[in-house]
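>>> Fold the following for me, if possible:
(chains A and B)
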Amino acid sequence: MPIETTVVGSYPKPPDEGQPFTVRKTLHALERGDATAADVASAQDELVRAVIAEQEEAGIDLVTDGHARWDDILTPFARRMAGFEIGGLLRWFDNNVYYRRPICTGEIEWRGPASVDAFKFAASVASKPVKAVIPGPVTFARLSVDEHYGRHEDLVLAIARVLAQEAFELEAAGARVIQIDEPALVDAPEDLELAKDAIYLITDQLESTETTLATYFDDAKRLGPQIFDIRVDCFGFDLIAGPENMQLIRELPSEKKLQAGIVDARNTKLEDEDGLVREIEELAGIVGESCLRVSPSAGLEFLPREKARAKLQRLAAAARRVGG
Amino acid sequence: MIAENRLEGVAKLPGPGLWTTSVGSFPKPDYITKARARFARKEIDREVLRELERKATREWIEFQDSIDTDLVVDGEQYRGDMVAFFAEELPGFEIGGLVRSYGNRYYRKPIATGPIRRDAPLTVDWWEYAQSLTKKPVKGMLTGPYTICDWSFNEHYPSRRDFVLDLAKVIRDEALDLERAGARYIQIDEPAASTRMDELDLVIEAMAIVTEPLTAHTITHICYGDFHNAYPKMLDIPVDQIDLEFANSEYSLLEDFSDHPFSKYIGLGVTDVHSHELEPVDEIVEGIRRSLKHIPPERMFVDPDCGLKTRTVDEAKAQLANIKKAVDVVRAEL
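A predicted model of the protein is given here:
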């Protein structure tokens, strides 16, 4: 059977060289008062259409909307729920990219879905299944400032309860795959038990949706095979920044799936197709073809547009050569 | 220990210490921003842009002289991105496509596609021009090899270390050319050094290549998020001076100096460059007085926290003026 391909989430917003950069231009116009929020949404719709088309044309089986409407993975959710203010810019892990730090100033409460409309739009323009992506509660808490709860666990669980509602609404809107991003968890083994509880709050709400726990920017060896106690269906590992993830992969329980990040999302150098084929064959040999999904190592927004597209094409071409 | 020959530059500065300076960049006046955009659209040619950049440089040097700044900067009116400025001129780099930094801000990230070499000096002409405009010493300003590597894509080198060390040789050669031209103060900025603590040894190794043959007074600036974990190891970076941000951390760095004395020259950052609010003179005076309990005036430069390019011209001038006033107050007490 063919090896399934997917993406981790983000996709470059700029166009190919020389093409008009409508989203950027419209946002500048909005600042000057020459455009409305509706104009921005419209430009973003166009970008989502293009981003989904590119993934599908490249041969990707499970697509995302490229986070085209998001500046970072936390802000859209922090803005929507009660209890957070949006703070200053901080470096996003070890990248030359910045996110706005959420500040918890009060009781965290659900005020409605943050990502459902965007998901519905993406699903309406895609012919392949669309994966919904939400931030994980441990990462969310660790990247925020807590001025209200005082105890880390309380903050994590409060966030998890809201994210559980979000996941429920996403499923109701038709999402069949939901990815929970926990890049901060790999450096926080002391939070593993808490992560299990918090993520179970989210996945317990779901009837038939497949869930993925995505990690990236490092290996998860400090968590060890106990990571597989987290109640999700699929585990995503970054094999570029975390080659030592291979040891963990060998311990993947047989009923779980693997989302293997094998193409470097943070460097432009294009991987050799034969090398990718060998790597995919090795992974398929360990976890089984039907339990394997291959992807870039992290979100592709670190790359210029043409390079990201080339990486997807290369990934899909290699995947097609493996499996029956 | 600071080598005797490296005191030569500092010995030329007047008084018992507590000198005023800037980290490096100044805001670009509107006419420069417009000219850069027009140049990008090919509406004006390079020489027209150059002439305006020289004018803006003159204006900033005149301002620094008007407030009697001790160690002057050229204000980088001719530079955009601090990595692209070097990468655009170094064979081995291609200029890449747009990538996002945050929000709606994008930049072109260079790609190393071959071995990085330097054909000709990149900063000496501007340094010589700036120095011709003032009697005060002007700093030579370079971006460090670790930062150039970290903020580029690598399609050539087998490892980050190989990339960083090749860049270090290039930056070293540029520093030597600045020294030959007469620069006695050379700054090698490494803002990327605070990204990951486990590569601090590589930062140190690369800086050693850059500074080893130099006799000028060497400075580095690193914006530290997590200073506590980087100190005192940062004292191993082979430079004479480190510029640090005190204003945006309410001088909390001083607590670390109690356990491990700060043994180098310091660039004491006393105004927050990311804020529209201006620190009043007496607040800056208090900050300097607190800091003098840990570092003597003969090893202290006072400046804004970081480069001023994100402020307006008026905000930048106001910060520098307040710093000067505060330093005058404290100098009178020494």
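>>> residue contacts, residue 237?
Picking chain A for this. Residues in contact with A:Phe237 (Cβ atoms under 8 Å, 6 or more residues apart in numbering or on different chains) are A:Thr215, A:Asp219, A:Ala220, A:Asn245, A:Leu248, A:Ile249, A:Leu258, A:Gln259, A:Ala260, A:Gly261. All C-beta spots, glycine's among them, are computed from the backbone N, C-alpha and C.
>>> try chain B instead
B:Glu190, B:Val203, B:Ile204, B:Met207, B:Thr220.
>>> and if we set it to 6 Å?
B:Ile204, B:Met207 (Cβ atoms under 6 Å, 6 or more residues apart in numbering or on different chains).
>>> Quick one: name the residues of chain A near chain B.
A:14, A:17, A:24, A:27, A:71, A:89, A:94, A:96, A:98, A:267-269, A:304 (Cβ under 6 Å from any Cβ of the partner chain).
>>> repeat that with 7 Å
A:13-14, A:17, A:24, A:27-28, A:71, A:89, A:91, A:94, A:96-98, A:267-269, A:301-307 (Cβ under 7 Å from any Cβ of the partner chain).
>>> among the residues you listed, which are in strands?
If you go by DSSP state E, the residues of chain A next to chain B have A:Leu89, A:Arg91, A:Tyr98 in strands.
>>> for chain A, what spans make up the strands?
A:4-5, A:82-91, A:98-109, A:132-135, A:145-146, A:177-181, A:210-214, A:234-238, A:257-263, A:292-296.
>>> Where does pLDDT dip in the chain?
No chain in the question, so chain A it is. Scanning chain A for pLDDT under 70 picks out the ranges A:324.
>>> That was the other one, I meant chain B.
B:1-11.
>>> Can you give me the neighbour number for residue 198?
Since you didn't name a chain, this refers to chain A. 27 (other Cβ atoms under 10 Å in any protein chain shown).
>>> You answered for a different chain; I wanted chain B.
7.
>>> List the residues that contact the residue in the stretch 201-334 of chain B positioned nearest to chain A.
Of all residues in the stretch 201-334 of chain B, B:Gly225 sits closest to chain A, at 6.6 Å by Cβ to the nearest Cβ. Shown in contact with B:Gly225 (Cβ atoms under 7 Å, 6 or more residues apart in numbering or on different chains): A:Arg91, B:Ser194.
>>> Over to the one 5 residues further on?
With contacts defined as Cβ under 7 Å, 6+ apart, B:Ala230 is in contact with B:Ser194, B:Met197, B:Leu200, B:Tyr224.
>>> any idea what B:Thr215 is structurally, helix, strand or coil?
coil (DSSP: H, G, I helix; E, B strand; the rest coil).
>>> and it, what are its phi and psi?
According to degrees, to the nearest 10, the main-chain angles of B:Thr215 amount to phi -110, psi -10.
>>> Repeat that for the one 5 residues further on.
Backbone geometry at B:Thr220, expressed as degrees, to the nearest 10, gives phi -130, psi 150.
>>> count of neighbours near it?
Number of residues near B:Thr220 (other Cβ under 10 Å) recorded here: 27.
>>> again, but for A:Pro12
With other Cβ under 10 Å as criterion, A:Pro12 counts 27.
>>> For the closest residue to chain A within chain B, give me its contacts.
With Cβ to the nearest Cβ as the measure, B:Gly97 is the residue of chain B nearest to chain A, at 2.7 Å. Contacts for B:Gly97 (Cβ under 7 Å, 6+ apart) come out as A:Pro14, A:Glu17, A:Pro304, A:Arg305, A:Glu306, A:Lys307, B:Arg108.
>>> Alpha carbons only: can I get the lengthiest strand in chain B in PDB?
Ranked by residue count and defined by DSSP E, the top strand of chain B is strand B:93-102. Taking Å, rounded to 0.1, in the frame of the first residue of the first chain, the C-alpha atoms of strand B:93-102 are listed here in PDB:
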ATOM      1  CA  PHE B  93      26.100  33.300  -0.600                       C
ATOM      2  CA  GLU B  94      23.000  33.600  -2.700                       C
ATOM      3  CA  ILE B  95      20.200  35.900  -1.600                       C
ATOM      4  CA  GLY B  96      17.200  33.700  -0.800                       C
ATOM      5  CA  GLY B  97      13.400  34.200  -1.100                       C
ATOM      6  CA  LEU B  98      11.200  35.900   1.500                       C
ATOM      7  CA  VAL B  99      10.700  34.200   4.900                       C
ATOM      8  CA  ARG B 100       8.700  35.500   7.800                       C
ATOM      9  CA  SER B 101      10.200  36.900  11.000                       C
ATOM     10  CA  TYR B 102       7.000  37.600  12.900                       C
END
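>>> mind listing what's buried in stretch A:88-97?
Of all the residues in stretch A:88-97, those buried under the rule 16 or more other Cβ atoms under 10 Å in any protein chain shown are A:Leu89, A:Arg91, A:Trp92, A:Phe93, A:Asp94, A:Asn95, A:Asn96, A:Val97.
>>> Would you check which pair of the residues you listed lies furthest apart?
Greatest spatial distance among those (Cβ to Cβ): A:Leu89 and A:Asp94, at 15.5 Å.
>>> For the nearest residue to B:Gly269 once chain neighbours are set aside, give me its contacts.
Among residues not flanking B:Gly269 along the chain, B:Asp305 sits closest, at 3.5 Å (Cβ to Cβ, 6 or more residues apart in numbering or on different chains). Counting by Cβ under 7 Å, 6+ apart, B:Asp305 touches B:Glu245, B:Ala247, B:Asn248, B:Gly269, B:Thr271, B:Asp272, B:Val273.
>>> in chain B, which spans are helices?
In chain B, the helices defined using DSSP state H lie at B:7-11, B:30-40, B:46-66, B:84-87, B:124-131, B:145-150, B:160-181, B:200-211, B:227-230, B:253-259, B:281-292, B:313-333.
>>> Just name the most buried of the ones you listed.
Stretch with highest mean neighbour count among the helices of chain B: helix B:145-150 (a mean of 28; mean count of other Cβ atoms under 10 Å in any protein chain shown).
>>> How far off centre is that helix?
14 Å (Cα atoms, centre = their mean, to the nearest Å).
>>> Might you enumerate the residues of the stretch 101-250 of chain B proximal to chain A?
In this structure, the stretch 101-250 of chain B approaches chain A at residues B:101-104, B:106, B:111, B:150-151, B:153-155, B:195-196, B:225, judged by Cβ under 7 Å from any Cβ.
>>> wait, doesn't A:Met1 sit right on A:Gly323?
Yes. Between A:Met1 and A:Gly323 there is a contact under Cβ atoms under 7 Å: 5.4 Å.
>>> Determine the residues that are contacts of both of those two.
A:Glu289.
>>> and the two? which has more neighbours close in?
A side-by-side neighbour count of A:Met1 and A:Gly323, using other Cβ under 10 Å, places A:Gly323 first with 15 against 10.
>>> what separates B:Lys55 from B:Asp70, distance-wise?
Per Cβ to Cβ, to the nearest Å, B:Lys55 is found 24 Å from B:Asp70.
>>> do the same with A:Pro243
Counting by Cβ to Cβ - A:Pro243 and B:Asp70 are separated by 50 Å.
>>> Neighbour count: those two, which is higher?
Set A:Pro243 next to B:Asp70 and count neighbours by other Cβ under 10 Å: B:Asp70 wins out with 19 against 11.
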